[in-house]
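Trainee: Provided below for reference: sequence and predicted model.
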Amino acid sequence: MLAGASDVSTPVGRSLSGLRERLRDATSEAHRELDAQLSAFDLTGFSGYRRFLQASAAALLPLEAALVKAGVADIFPDWPERSRSAAIAADLGRLGSAVQSTISVPPLTRSGVLGTMYVLEGSRLGAKFLLKTVADSADHRVGEATSYLSHGEGKRLWQSFLTKLSSEASCDDDEAIDAARLAFAAFEQAADRA
Ligand code: HEM
């Protein structure tokens, strides 16, 4: 009875529906809310863009640190190409600012690494849209601080992430979903505070 069995788990905890679809369904509401929160920042203005970067960094840095601690490079050998902590810190530096207090995030399991990576890699898709807004800024300082939003452009990092995700045989889907929800919550918290 495979057809329509969208939420049935095998004994090893693997859902019969794709993990990516489950992650998307489980976080779509959080994505919508974050989207609405972020749209309140005026990305074309110096201070609005700086606040947006500060909020993003306050979540991104601790999440990336937790990934590193959990051995993300063992699962994604191209991790140095995916990490954006240095890029966002450099953007903030260009705007005369620095990363301020960060959100605290719990340690990650291997499945948690996959769920967190889903959120961070997915955020590149939104970044593409945001970059278009930033490009309309009349303030040249804003246009020159886009290492984070343009990071990985042309490298198909989202596609290669999805390939990796679908080939992961030993992932506890529920753990991955919990981690993805926590990652979205970290961005929401950071945006709330900004
Ligand atoms: C205002 C800001 C944002 C906008 C306008 C936006 C927009 C989008 C759009 C249009 C897609 C689908 C792109 C496609 O399928 O080609 C997408 C996907 C995604 N975004 Fe965002 N996004 C934003 C912020 C974020 C942030 C901050 C995160 C995470 C921290 C995020 C996480 C994701 C994820 C995980 C996906 C993949 C969903 C899937 O599995 O298909 N987004 N976003």
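Mentor: Great, that's in hand.
Trainee: burial check on Lys155, number of neighbours?
Mentor: Here the number of neighbours of Lys155 (other CB atoms under 10 Å) works out to 13. Every residue, glycine included, has its C-beta placed from N, CA and C.
Trainee: give me the nearest residue to the residue nearest the centre of the chain, chain neighbours excluded.
Mentor: The chain has Leu120 as the residue nearest its centroid, 1.9 Å off, counting by CA atoms, centre = their mean. Of all residues not flanking Leu120 in the chain, Leu63 sits nearest, at 6.4 Å (CB to CB, 6 or more residues apart in numbering).
Trainee: who's in contact with the one you found?
Mentor: 105, 116, 119-120, 183, 186 (CB atoms under 8 Å, 6 or more residues apart in numbering).
Trainee: give me the distance between it and the ligand.
Mentor: 9 Å (CB to the nearest ligand atom, to the nearest Å).
Trainee: that residue and Ser101: what is the separation?
Mentor: 15 Å (CB to CB, to the nearest Å).
Trainee: do the same with Ala70
Mentor: For Ala70, the distance to Ser101 - CB to CB - is 22 Å.
Trainee: quick one: which of those two has more around it?
Mentor: Ala70 (18 against 9).
Trainee: hmm, the more buried one is touching Val105, no?
Mentor: No. With contacts counted by CB atoms under 8 Å, Ala70 stays clear of Val105, the gap being 10.8 Å.
Trainee: which helix or strand contains Glu153?
Mentor: Using DSSP states H and E, Glu153 sits in no helix or strand.
Trainee: what sits against it?
Mentor: No contacts exist for Glu153 under CB under 8 Å, 6+ apart.
Trainee: burial of Leu125, as a residue count?
Mentor: Per other CB under 10 Å, the neighbour tally for Leu125 reads 9.
Trainee: nearest spatial neighbour of it, skipping sequence neighbours?
Mentor: Leu125 sits nearest to Trp158 (CB to CB, 6+ apart), 6.2 Å away.
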